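Visitor: quick one, fold the following:
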Amino acid sequence: MLLVKVTNGNIEMSTCPSSFDSEDELENPLNQFSRSLVRGKYACKLQDMLYQQTLQNSSFCDVTLHIDNSVMKAHWAVLVMCPYFQSLYDSGMKESMSGDLNLNFGAPYAMKDAIKFLYTGEVHVTMERSRDLLEVADYLQISEMTEICVKYLRGITLNLENCVQILLLSSQHNLETYDSALTYVSAHLPELMSGTGLLDFDKSSLLSLLSDNTLSYVKREDFFCFIVRWTEHNEVHRKQAFEELFCALDLHSVPTTVFEEKIEQHPLVKGSEKCQMACLERKLKGIVGSAPCSPNMTDVIILGGGMNKDHRYRFMFYPKNINSSLFAYFVREQRWAKMPDLPYGISRPLMALTGDGQLLVIDSVMQDNSEKQKQLLCYCPLENTWTSSKMNFPEEEYDFVVHSFFACGSRLFLVASSKRRLPVPNVTPPPPPRGPRGAAVPVPPSDPPLLYHVQLLELFRETGDMTIRCGFFQRFSNSEVRAVCQQAYNSTTMDDQVIYVMGHKVAGLKCKPTNKKKSNKFFTYDLQTNRAREVYNNKMGYEPLVYGTMEGFFATRLGKVQHKFYHQGQKKITHNRNLTIKLPPKDAGREDFATTMVHDEVYIFGGRLTESQEPTTSAAKFSFTTQKWTELDPVPSPLIGAGIARGRMPVGVLRCHLECPHCTFLPLSGRTTYNVPYSGRDRDDGGSGRFYDMDDSDGSDDYDYYDYDDYEPSYSDDGWGPYLDPDELDVYDLF
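Guide: The predicted model follows:
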C-alpha cells in the first residue's frame, strides 16, 4: 500500500504491509474482485472529498491558484500529477515556495476544468469547448485530458460545418484526427470554398492545396475565385500573398473564355506585374498547344478494356479477367485520369473519339448469337452518361469482324470483314460414282465455302444503319488486316481525312502464296471524294504497327531501321528514315500493347512481356524530332490487348486524379448514369463490369458471360473470329 504524506510543502511516500496481501487472499479471484470494488469506491470517495476541499477553501489545501479574477484552492499532492506543476514545484521558484500560482492562460473555464480533471479524471467536452480544452491541456501537459478530447473528436461525424474546425485543431495540436479531417476537406473543397470556413487558412495551407495533384477535380477557376475572396477578407495583410498564390495556380486548365473574361481582367491581376506575366505565359502556351477551331479542347488518349491476364492460358480464361476499366491520358498535362467503367468488360474493344469529345466503343468480334456485341456504346463526358444504340449490319452478311473503327468529324466508319456465300462455280459436274453393280451412288449436296470480305462501312448513329462504301479484298480467316486514319488536327471538320487499309494473307498448310507481292494489299479511301484507290506494285511490306500522319501512312515495328512511307500528296511510296522507331529502353520485348500516334510522337502502353508472358504497366513515348524515348507514368492497371483512341476532349472534364479524395466518398462510376441494356436487362453490377444471370428458372445458377472459347489470336491480333480450314479455300484466289 502506498502512503503519501505532505509536511511543510515536502512530499514523502512510503509503503506499508496490507492485511489483504496474504497468498490465500490473492489466489481467490472472488476476493480480488471484491477488494477492487472496495478500493474503487474508496478512491472515488477520496477524490470527491479532496475536490470539495478546493471548493470550500479548506485549510487542508496548501496551494492558492489565481485564475483570471477568481481564486481557487488546491493540493500540491494532487497538482504534481501534472508534469507542468511537477516541474514548477521542483524548480524552487518563489511561487512554489509561497504557494501562490497565477494561471492566466487560455479560457478561465478551461483552466478550472483542467484542475478539476486532476482531481476527478472527468471533463465535459463539446465541439465548442474542445479548442479551449486542448489549448489548456497542451499548456499543462495533461496527456490524459488530450486523449479524451481526441476520442470525442474521433467520434464526431464529419460534415461541412465541423470539418474545417477539426482540421485546424488537429493540425495545431498534432492530433491523430488530422488525416481523416484533411481527406474530408479535400473531398469537399468546392462546397467549402463557397463558405467562410477556409478563410482562416494561412498562405502555406493554401499553397499546399494548390500544389496537391490529387485535387485536380476542383476547377482552377473556382480556386481563383476563392483566392480573391481570401485576399479581400484581409486585403491589407494578404495582398502581397495573392501574387504567390496566383502564380501557383495552373492557368492552363482554365477554359479560354473564362480566362479572358474573368481572370485576366480582374483588378488584383491587372495590378500585379507578376500576375500579368503568368497570364502572358498561359496565352503563349495556349496558342502553341491548341487548334484555332477548338481553343477549349485538349489532346487525350483513351485506354481501356482488354485482359488483366494472359488470354492464352485457357484454364485462367474466365470472365473476371476481362477488364472494364477506362483511363484517360492527357498529353499536355502528362497525367492519367480515371474514367467511368465500361458498362461491361470487353476483351478486344475498338474505340474512337468524336470531334466533340464523345467516346464510342464497340466489340471487335460481332457474333450472331450475341446481341450485346452489336451495341455501339457512347460516353458523353459533359453529361457523364453511358448510352447505347444497336448497330444494324447488312443482312446478307454475318459473323462480322471489325478491324478498325474511326470517327472522322461527324462521320463514323468501320473497316470490317464478314462471311458471304459465293455462288457455286459454273462447271460441268463429274459423272456420279457407280456402285459394284453399276448403280449410281447418291452424293449429298455440298455448300460452297465461306470467305471473308474486307470492306468499308459507314455507320449512322441516328438509326444504327450501315452503308457499304467500298469493298477492298477477300481474305482467309487468319489473314491480317490493318487500317488507320490520317491525322488532321488542323482541319476544321476532319471530314477530308484519308483512311488507309493494308491486308496480309497468312497462308494455311496447302494454301501458299506464289508471289509475295500478291500476299499484300494496300488501299486508300478519300473521305472528301468518297473514292477508294488501290496502290499497285506496292513495296510497303506488311508490318504489325501502322500509323497515320498528317502527310501519309507508314507501317513499321519497334526497332525496324528500314521501312516505307506512303506520301498522300505525292501518291507514291518513298523511303523515310526519319520515321524509324528505336527499341524502347524498358520492356522492349512486349506483345499485345496499345499504341497510337499524336502529332510526331508514338505512344505505347502496357502489353505482355514476350519472355515471361507477364503483363506490364510501363508506358513510354518516342519523339521523331529528338529520336529519343521518354518514360511516362505507368498505366494504372496492367492491360493486355486494350483498346485505344486518340483525339480531343473538352478542357475541364475528367479532372479526377487516380487518388482523388472526392472519389473515395463518391466513386466516379457511382456518379455516372448507365443507360445501357445488357441482353434485355439493365446494368446492376455497380461498375464491376460483370453481369449475373439471376434467373434460375432453368435449374442452373450459371453466370451469363461472354463466350470467347473459339477466339484464336495472331501475332498482331485484331480479333479474327472462328478459324476456317484453309484446305477448303485453296481453289479460290483470294487476292
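
Visitor: care to break the chain down by domain?
Guide: Annotated domains of the chain cover 1-155, 188-289, 297-421+448-655 [automatic domain parsing].

Visitor: need those domains in CSV with distance to Thr177 and mean pLDDT, can you?
Guide: The C-beta positions use only the backbone N, C-alpha and C, and glycine is treated the same way. Shown next, in CSV, are those (distance: least, CB to CB, whole Å; pLDDT from 0 to 100):
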stretch, distance to Thr177, mean pLDDT
domain 1-155, 5, 76
domain 188-289, 16, 88
domain 297-421+448-655, 28, 82
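
Visitor: looking at the ones you listed, spot the one closest to Cys163.
Guide: With respect to Cys163, and counting by CB to CB, the nearest of the domains of the chain is domain 188-289 at 7.1 Å.

Visitor: how far does that closest one sit from the chain's center?
Guide: With CA atoms, centre = their mean, to the nearest Å as the basis, domain 188-289 stands 25 Å off its chain's centre.

Visitor: quick one on the thing from earlier: need the domains of the chain in CSV (columns: mean neighbour count and distance to Gln172).
Guide: Shown next, in CSV, are the domains of the chain (neighbours: other CB atoms under 10 Å; distance: least, CB to CB, whole Å):
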stretch, mean neighbour count, distance to Gln172
domain 1-155, 14, 8
domain 188-289, 16, 11
domain 297-421+448-655, 18, 31
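
Visitor: which one of these lies nearest to His662?
Guide: Nearest of these to His662, taken as CB to CB: domain 188-289 at 5.1 Å.

Visitor: need the contact list for the residue nearest the centre of the chain.
Guide: The centre of the chain sits closest to Lys338, judged by CA atoms, centre = their mean, with a distance of 2.5 Å. Applying CB atoms under 8 Å, 6 or more residues apart in numbering to Lys338 gives the contacts 325-328, 636, 654, 656, 658, 660, 663, 668.

Visitor: that one pairs with what?
Guide: Beta bridges link Lys338 to Phe327 when assigned by DSSP bridges.

Visitor: how about the contacts of Lys338 in JSON lines, adding secondary structure?
Guide: Shown next, in JSON lines, are these (DSSP: H, G, I helix; E, B strand; the rest coil):
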{"residue": "Ser325", "secondary structure": "coil"}
{"residue": "Leu326", "secondary structure": "strand"}
{"residue": "Phe327", "secondary structure": "strand"}
{"residue": "Ala328", "secondary structure": "strand"}
{"residue": "Pro636", "secondary structure": "coil"}
{"residue": "Leu654", "secondary structure": "coil"}
{"residue": "Cys656", "secondary structure": "coil"}
{"residue": "Leu658", "secondary structure": "coil"}
{"residue": "Cys660", "secondary structure": "coil"}
{"residue": "Cys663", "secondary structure": "helix"}
{"residue": "Leu668", "secondary structure": "coil"}
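
Visitor: nearest to Ser479, of those residues?
Guide: For these, the nearest to Ser479 is Leu326 (30.4 Å; CB to CB).

Visitor: the closest one against Trp336, yeah?
Guide: No - under the criterion of CB atoms under 8 Å, Leu326 makes no contact with Trp336, lying 11.0 Å away.

Visitor: hey, what's in contact with both of those two?
Guide: Contacts common to Leu326 and Trp336, judged by CB under 8 Å, 6+ apart, are absent.

Visitor: so how far does stretch 214-226 reach from one end to the other?
Guide: 18 Å (CA to CA, to the nearest Å).

Visitor: need the residues that contact that stretch.
Guide: 186, 189-190, 193, 198, 209-210, 246, 249-251, 253-255, 258, 262-263, 335, 337, 652, 655-657, 659-663.

Visitor: so which of these sit within helices?
Guide: Counting by DSSP state H, these place 186, 189-190, 193, 209-210, 246, 258, 661-663 in helices.

Visitor: could I get those residues as CSV with distance to Ala416?
Guide: Formatted as CSV, these follow (distance: CB to CB, whole Å):
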residue, distance to Ala416
Ser186, 47
Leu189, 47
Pro190, 45
Met193, 50
Leu209, 50
Leu210, 49
Phe246, 53
Val258, 42
Pro661, 44
His662, 41
Cys663, 37
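
Visitor: could you work out the most separated pair of those?
Guide: Using CB to CB, the two most remote members of these are Phe246 and Cys663, lying 27.8 Å apart.

Visitor: can you confirm Leu284 is in a helix?
Guide: Yes - looking at Leu284 with three-state DSSP, it is inside a helix.

Visitor: ok, now how distant is it from Thr574?
Guide: Separation of Leu284 from Thr574 (CB to CB, to the nearest Å): 35 Å.

Visitor: re the thing from before, which one of the domains of the chain lies nearest to Glu161?
Guide: Evaluated over the domains of the chain, closeness to Glu161 peaks at domain 188-289, with 8.1 Å, by CB to CB.

Visitor: got the residue ranges for the helices in the stretch 51-200 of the chain?
Guide: Ranges of helices in the stretch 51-200 of the chain, per DSSP state H, counting those that start in this stretch, are 76-79, 83-91, 94-98, 108-120, 130-140, 143-154, 163-173, 178-187, 189-193.

Visitor: just send the ones you listed back as TSV, with distance to Gln53 too.
Guide: Conversion of the helices of the stretch 51-200 of the chain to TSV gives the following (distance: least, CB to CB, whole Å):
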stretch	distance to Gln53
helix 76-79	10
helix 83-91	17
helix 94-98	20
helix 108-120	9
helix 130-140	20
helix 143-154	21
helix 163-173	32
helix 178-187	40
helix 189-193	49
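
Visitor: and the ones you listed: which comes nearest Val401?
Guide: In terms of CB to CB, the element of the helices of the stretch 51-200 of the chain nearest to Val401 is helix 178-187, at 44.8 Å.

Visitor: what residues of the closest one count as buried?
Guide: If you call a residue buried by 16 or more other CB atoms under 10 Å, then helix 178-187 has these buried ones: 178, 180-187.

Visitor: how about that helix as PDB, C-alpha atoms only?
Guide: C-alpha atoms of helix 178-187 as PDB (Å, rounded to 0.1, in the frame of the first residue of the first chain):
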ATOM      1  CA  TYR A 178      -5.800  15.200 -38.900                       C
ATOM      2  CA  ASP A 179      -5.700  12.600 -41.800                       C
ATOM      3  CA  SER A 180      -9.400  11.900 -41.700                       C
ATOM      4  CA  ALA A 181     -10.300  15.600 -41.500                       C
ATOM      5  CA  LEU A 182      -7.900  16.500 -44.300                       C
ATOM      6  CA  THR A 183      -9.400  13.800 -46.500                       C
ATOM      7  CA  TYR A 184     -12.900  15.100 -45.900                       C
ATOM      8  CA  VAL A 185     -11.900  18.700 -46.500                       C
ATOM      9  CA  SER A 186     -10.100  17.800 -49.700                       C
ATOM     10  CA  ALA A 187     -13.100  15.800 -50.900                       C
END
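
Visitor: now the helix or strand hosting Phe405 - C-alpha only, CSV.
Guide: Using DSSP states H and E, Phe405 sits in strand 398-408. Extracted in CSV, the C-alpha atoms of strand 398-408 (Å, rounded to 0.1, in the frame of the first residue of the first chain):
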residue,chain,number,x,y,z
TYR,A,398,-22.9,-12.2,-91.0
ASP,A,399,-20.1,-13.1,-88.5
PHE,A,400,-18.6,-9.6,-88.7
VAL,A,401,-15.1,-9.0,-87.6
VAL,A,402,-14.4,-5.3,-87.1
HIS,A,403,-10.7,-4.5,-87.6
SER,A,404,-10.7,-0.7,-87.1
PHE,A,405,-13.1,2.0,-86.1
PHE,A,406,-12.9,5.7,-87.0
ALA,A,407,-14.7,8.9,-86.1
CYS,A,408,-13.9,11.4,-88.8
